[in-house]
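Chemist: 3D model of this:
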Amino acid sequence: MTKPSGLGLYRVFPQLRIVLGAALIAAAIGPQTSPVSANPGDLLWQDETEKGTIFDIAALDQQVFAAGRAGDVITSALLVRAYDAQNGDLLWQQRVKDETAAAVTVSGQHVIVSGRRQNVQTVRSFARRSGMLLWQDEVTGAQADGKIADVGGRVFIAGHVQNPVRQSLDLLVRAYDRETGALLWQDQVGGPGSGIQNEAWAWDVAAEGSRVFAVGFGLAFGIRPFLVRAYDAATGGLLWQDQAGDVGEARRVKVAEGRVFVVGFTDTVGRPREWVVRTYLARTGALLWEVRDNNGVEFSDLVVAGKRLFVGGLKANAGGNLDFLVRAYDAHRGDFIWEDRIAGLRQNFASRLATAGGLAVAAGLFRDAVGNPGWLIRAYDADTGAVIWQDQIANSAPSSLAIAGTRVFAGGSGDITFGIHGELQSDFLIRAYDTR
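Modeler: Down below sits the predicted model:
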């Protein structure tokens, strides 16, 4: 493991960011650390040691975990790496041939990873300290989407599964015992008809206390409305459900202090598409407040902490380009607080958010003066929206964020190039920043 005294080629520039992923070959740079950090936003360490991409990261205490894909689209493998959060030392790693990871979370002494292999959904638990495989589960015809939720010793995976009888897709939520991997309950439900217009799908899942919340679309005849479903975490019993719009999708969900926060869009006959933030009382499903915007915005993620709700996405500008967008709202009333909007060429957007300790962080894609895409991390004062620091890297794209202690971790694709047949190639890249 090499540890140069400086940042070398990995200097911090000013403005960029988001999702992508794939890869080829294998580099040998090794996790790199910076000199002793003194300022917020300083790069502490990074790992970019082989071809691949990171799709999700999770951090807890002194460990950070990155899950994604190693190799290229032909010789890919699911890759999970565990690092020392302080210095980037590699603690352990696991590979599974011909698979790719979708999401990762830390639950107790377990690192839970969802993934897929062709048309098979996989879920695995690794020991947090050693990386040893503890249990695994597979579901043919299914695919996990969004984050992994956990509460009360249970782990929840949401997505969709093929229904050959209806020739359509059903929403699928599965609950596992964290310690043994035993299936505790599942909810598989689709629309009342058949075909694509009766598909149902869960894009994300979150949990708090005794309740689990899955969001997506479907469960209406011939249309696919914005959908939120609340379950009893122990039994899987349906507690309440909300549908909005003739067509729509609920994309992301967070739950905090007895409130459920959801972003997505609704299409209603006779009205333009509206991107919405809807907030519910977790116990009953009562709608507490909502924000609607049909003025060229799209929302891709949200995060909540205390009295602030943060939403990230994009907004069209007068020149026909799409701007990087972050907004803050009052989490209790929905009042607009502040906005950060960065104009750029073509498509720019904030796709992932994280918050802790009075800091809100956004990761996304931002293009330079000639339109080349790159990695952008921006950290804000959560109350005022003032930009505290930012990091920009050319030809790279972050896809995930996590905060633990005084560290911000961003993972994604580095050194993005395209092969002779147009195939995407990139590096498995994670960077750690100081928040102090």
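
Chemist: average pLDDT for stretch 182-190?
Modeler: Across stretch 182-190, the average pLDDT comes to 96.

Chemist: would you put the C-alpha positions of that stretch in CSV?
Modeler: Output of stretch 182-190 as CSV, limited to C-alpha atoms (Å, rounded to 0.1, in the frame of the first residue of the first chain):
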residue,chain,number,x,y,z
ALA,A,182,-34.4,-16.4,7.3
LEU,A,183,-37.2,-14.9,5.3
LEU,A,184,-39.6,-13.3,7.8
TRP,A,185,-42.2,-12.1,5.3
GLN,A,186,-42.7,-10.7,1.8
ASP,A,187,-45.1,-8.6,-0.1
GLN,A,188,-45.5,-9.3,-3.8
VAL,A,189,-48.3,-7.4,-5.4
GLY,A,190,-49.1,-6.2,-8.9
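
Chemist: How far off centre is it?
Modeler: Remark: stretch 182-190 is offset 23 Å from the chain centroid, using Cα atoms, centre = their mean, to the nearest Å.

Chemist: Buried residues, it. List them.
Modeler: Within stretch 182-190, the residues scored as buried using 16 or more other Cβ atoms under 10 Å are 184-185, 187, 190. C-beta: built from backbone N, CA, C; applies to glycine.

Chemist: repeat for stretch 230-243
Modeler: Those would be 230-231, 233, 236, 239-240, 242-243, for stretch 230-243 by 16+ other Cβ under 10 Å.

Chemist: got TSV for these, with secondary structure and pLDDT too?
Modeler: Converted to TSV, these look like this (DSSP: H, G, I helix; E, B strand; the rest coil; pLDDT from 0 to 100):
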residue	secondary structure	pLDDT
230	strand	98
231	strand	98
233	coil	98
236	coil	98
239	strand	98
240	strand	98
242	strand	95
243	strand	93
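
Chemist: which two in those are spaced the farthest apart?
Modeler: Greatest spacing in the buried residues of stretch 230-243, by Cβ to Cβ: 233 and 243 (21.9 Å).

Chemist: Across the sheet, point out what pairs with the nearest residue to residue 41 once chain neighbours are set aside.
Modeler: Nearest in space to residue 41, with sequence neighbours left out and distances taken as Cβ to Cβ, 6 or more residues apart in numbering, is residue 389 at 2.7 Å. Beta-bridge pairing of residue 389 under DSSP bridges involves residue 379.

Chemist: Could you do the one 4 residues further on as well?
Modeler: Following DSSP bridges, residue 393 is listed with bridge partners residue 375.

Chemist: do the same with residue 276
Modeler: Counting by DSSP bridges, residue 276 is bridged to residue 264, residue 292.

Chemist: Residue 159 now?
Modeler: Going by DSSP bridges, residue 159 forms beta bridges with residue 144, residue 172.

Chemist: pLDDT score for it?
Modeler: 96.

Chemist: contacting residues around it?
Modeler: Applying Cβ atoms under 8 Å, 6 or more residues apart in numbering to residue 159 gives the contacts 121, 142-146, 172, 201-202.

Chemist: Dump the C-alpha coordinates for stretch 210-227 into CSV.
Modeler: The C-alpha trace of stretch 210-227 is given here as CSV (Å, rounded to 0.1, in the frame of the first residue of the first chain):
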residue,chain,number,x,y,z
SER,A,210,-42.1,-0.6,14.0
ARG,A,211,-42.8,0.5,10.5
VAL,A,212,-41.3,0.0,7.0
PHE,A,213,-42.1,2.2,4.0
ALA,A,214,-41.7,1.2,0.3
VAL,A,215,-42.2,3.7,-2.5
GLY,A,216,-42.6,3.2,-6.3
PHE,A,217,-45.5,3.1,-8.6
GLY,A,218,-48.5,1.0,-9.7
LEU,A,219,-51.4,-1.0,-8.2
ALA,A,220,-54.2,0.6,-10.2
PHE,A,221,-55.9,-0.7,-13.3
GLY,A,222,-54.4,0.5,-16.6
ILE,A,223,-52.3,3.3,-14.9
ARG,A,224,-49.2,3.4,-12.8
PRO,A,225,-49.6,6.1,-10.1
PHE,A,226,-47.1,7.4,-7.5
LEU,A,227,-47.2,4.9,-4.7
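
Chemist: in it, what's buried?
Modeler: Taking 16+ other Cβ under 10 Å as the criterion, stretch 210-227 shows 211-220, 223-227 as buried.

Chemist: Most widely separated two among the residues you listed?
Modeler: That would be 211 and 223, which, of the buried residues of stretch 210-227, are the farthest apart (Cβ to Cβ) at 26.8 Å.

Chemist: Off-centre distance for stretch 395-405?
Modeler: Worked out by Cα atoms, centre = their mean, stretch 395-405 lies 10 Å from the chain centre.

Chemist: same thing with stretch 141-150?
Modeler: Centre to centre, stretch against its chain (Cα atoms, centre = their mean), the figure for stretch 141-150 is 11 Å.

Chemist: what's the answer for stretch 402-419, then?
Modeler: That offset, for stretch 402-419, works out to 12 Å (Cα atoms, centre = their mean).

Chemist: likewise stretch 232-251?
Modeler: On Cα atoms, centre = their mean, the centre of stretch 232-251 falls 20 Å from the chain's centre.

Chemist: swap in stretch 88-99?
Modeler: With Cα atoms, centre = their mean, you get 20 Å for stretch 88-99.
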